[in-house]
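**Q** sequence plus the predicted model coming up.
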Amino acid sequence: MSAMNKLIPTLLAAKINLSTCFSRLRGNRSGIIFEAKVGCRRSFVSRTSVKMSSKHKSEFDAEQANLYNIIAEQHRHQDGPWNMIATEVGISIDDVVGDLKTAKILDLASGPGEPAVTIAKSLRTSGSQQHHVYSTDLSTDMNKVATKASEEVENMSAMVVDMMKLEDHFEPGSMDVVTCCYGFMFPDNKEKALQEAYNILQPGGTLIATTWDNVALLTLLEDIMHDVLGHRAPPPDQNPLSLSEPELFEQMLCDANFSSNLKVIRSTYPFDFGNDPEMQFKLCTLLVKDKLTDLNGWDTAREAFIKYADQYSKVNEQGNRIFSDNTFKMVVAKKAR
C-alpha cells in the first residue's frame, strides 16, 4: 500500500543490489505468497541509519501487555507467521540434526509465548527425542503469560532474556534454530541483535525471522497523529516498519555473516479487532500511547479515529473491524557449517 511509505524515512542512502530468483508463486486466501531464493553481496550498511531514538523505553504495563496479546493473536491466522515459522522449524531441524539428537530452539521476543508454543506443539514427539523450545522476552509481564502457557507444553520453557545479551543465558553455538517473530525491528542496535543470534547458533544452524512490509492500521495511525499534532508525525519510537526498506534486512543478515543463500517468503493476512469501538481505538493507538499522554491528545485522537477508521478498514457482518492489508516477509538464514 503506497500510503504506508509515508510513515518511514529512507533508511539507506543507496539501494542495495540483490540478485533474486523467484522459485515459486502460489495463491492463498488472503493474498499471494512469494517464495524466493536471495543472494547478497557484502556491503557496508551505516550503523546510524538503522538506529531509532527511544525517548520512552519503559516495559509494557499490564494494559499494554493485554493489548499486545490481542494483536499477537492475529498472527495465528492460517496465512500469518506462527504456523509458517513452525513449519520452517521442522524443515530446519531435519536438515540440521536429523534423527540423531534432540534439537534446541530459541524463540526471541516471544511476548506471551508465541510462536514458541506453536513451535513446541508442532515438534512434540515420543520417547527421549523431545525437541525443546525456549520462549524468551525482556518483559516480565509477557514472561508471566508465557510461563503459564508453558505449563501445558512439556517441551517448552519460558525465560526473561534480553536478546542483546543472549550469551548471559546460553552458551555460544548451543542452539540449532533461532526464531524471531517481529522482534528485530525494535532494538536500537539491530546489527548487534543479529550478531547475538548468529553467535548462539551452532555451525549449520538456522535463523528464521519475520519483519513487516505493510501494516494497514499504521496509515490510520498516521492520520490520527496528524490531527493531534497539526502536521505529519515522524515514525513512532518503536516502529514496526523500521526494517521494511526493500532488501535492508537481507543485507543486514549477510553482514552478520549468515550465508548469502537466503530464503524469503511473503504473505498477507487480516487483523480482526472485534466489535468494541473503545478496544479498537486502544489497539490502533498502542504504539503512541505515551505520546498521546504527553500531548494530552486522547480526545482529539478518539475523534480522528472515528473520522478515519472506515478509510483503512471494513466492518464485517458481525460488526468486527477488519484491517486486511498486512504483509510480512519470513527470511530463513543459515550459519555456515
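**A** Now that the structure is in, tell me what you want to look at.
**Q** where's the closest residue in space to Leu138 that isn't next to it in sequence, which helix or strand?
**A** Excluding the flanking residues, the one nearest Leu138 by C-beta to C-beta, 6 or more residues apart in numbering is Asp162, at 5.3 Å. C-beta coordinates here come from the backbone N, C-alpha and C atoms, glycine included. Per DSSP states H and E: Asp162 is located in neither a helix nor a strand.
**Q** pretty sure Asp162 sits against Gly183.
**A** No: using C-beta atoms under 8 Å, Asp162 is not in contact with Gly183, being 11.7 Å away.
**Q** out of those two, which sits in the busier spot?
**A** Using other C-beta atoms under 10 Å, the more surrounded residue of Asp162 and Gly183 is Gly183, with 22 against 15.
**Q** how far away is the more buried one from Lys314?
**A** Here Gly183 is placed at a distance of 29 Å from Lys314 (C-beta to C-beta, to the nearest Å).
**Q** distance of the residue nearest to Leu138 from Ala333?
**A** Asp162 is 21 Å from Ala333, where distance means C-beta to C-beta.
**Q** burial count for Ala310?
**A** No, residue 310 isn't Ala; it's Asp. By other C-beta under 10 Å, the residues close to Asp310 number 11.
**Q** and Asp107, which helix or strand is it part of?
**A** Element membership for Asp107 (DSSP H and E) is strand 104-108.
**Q** which SSE is immediately downstream of that strand?
**A** Next along the chain from strand 104-108, counting by DSSP H and E, comes helix 116-123.
**Q** buried set for whichever helix or strand comes after that following helix?
**A** Using DSSP H and E, the helix or strand that follows helix 116-123 in sequence is strand 132-137. Neighbour-count burial for strand 132-137, counted by 16 or more other C-beta atoms under 10 Å, picks out 132-137.
**Q** do stretch 178-190 as well
**A** Residues 178-187, 190 are the ones in stretch 178-190 that count as buried (16+ other C-beta under 10 Å).
**Q** quick check, nearest of those residues to Met279?
**A** Nearest to Met279 among these is Tyr182, at 20.9 Å by C-beta to C-beta.
**Q** count of residues packed around the spatially closest residue to that closest one that is not a sequence neighbour?
**A** Computed as C-beta to C-beta, 6+ apart, the closest residue to Tyr182 that is not its neighbour in sequence is Thr210, at 5.8 Å. Thr210 has 27 neighbouring residues, counting by other C-beta under 10 Å.
**Q** can you tell me who Thr210 pairs with across the strands?
**A** Cys181, Met330 (DSSP bridges).
**Q** how far away is it from Val331?
**A** In terms of C-beta to C-beta, Thr210 sits 8 Å off from Val331.
**Q** likewise Pro112?
**A** Pro112 sits 23 Å away from Val331 when distances are taken as C-beta to C-beta.
**Q** nearest to Asp168 among the buried residues of strand 132-137?
**A** If you rank the buried residues of strand 132-137 by distance to Asp168 using C-beta to C-beta, Thr136 comes first, at 11.3 Å.
**Q** quick check: phi and psi at the residue lying closest to that closest one once chain neighbours are set aside.
**A** Once flanking residues are discounted, Thr136 sits nearest to Val161: 3.7 Å by C-beta to C-beta, 6+ apart. Main-chain dihedrals, Val161, degrees, to the nearest 10: phi -140, psi 140.
**Q** heads up, I number from 4, so please use that
**A** Sounds good: first residue 4 from here, last item Val164.
**Q** just give the number of residues close to Glu306.
**A** Residues lying near Glu306 (other C-beta under 10 Å) number 13.
**Q** what's the helix or strand for the closest residue to it other than its chain neighbours?
**A** Distance criterion C-beta to C-beta, 6+ apart; nearest residue to Glu306, sequence neighbours excluded, is Asp230 at 7.4 Å. Taking DSSP H and E as the criterion, Asp230 maps to helix 219-232.
**Q** quick check, the residue nearest to Thr139 in contact with Thr143.
**A** No: counting by C-beta under 8 Å, Thr143 is not a contact partner of Val164; they are 11.2 Å apart.
**Q** tell me which of the two has more neighbours.
**A** Val164 (22 against 11).
**Q** ok, the more buried one - contacts?
**A** 111, 137, 139-141, 171-172 (C-beta atoms under 8 Å, 6 or more residues apart in numbering).
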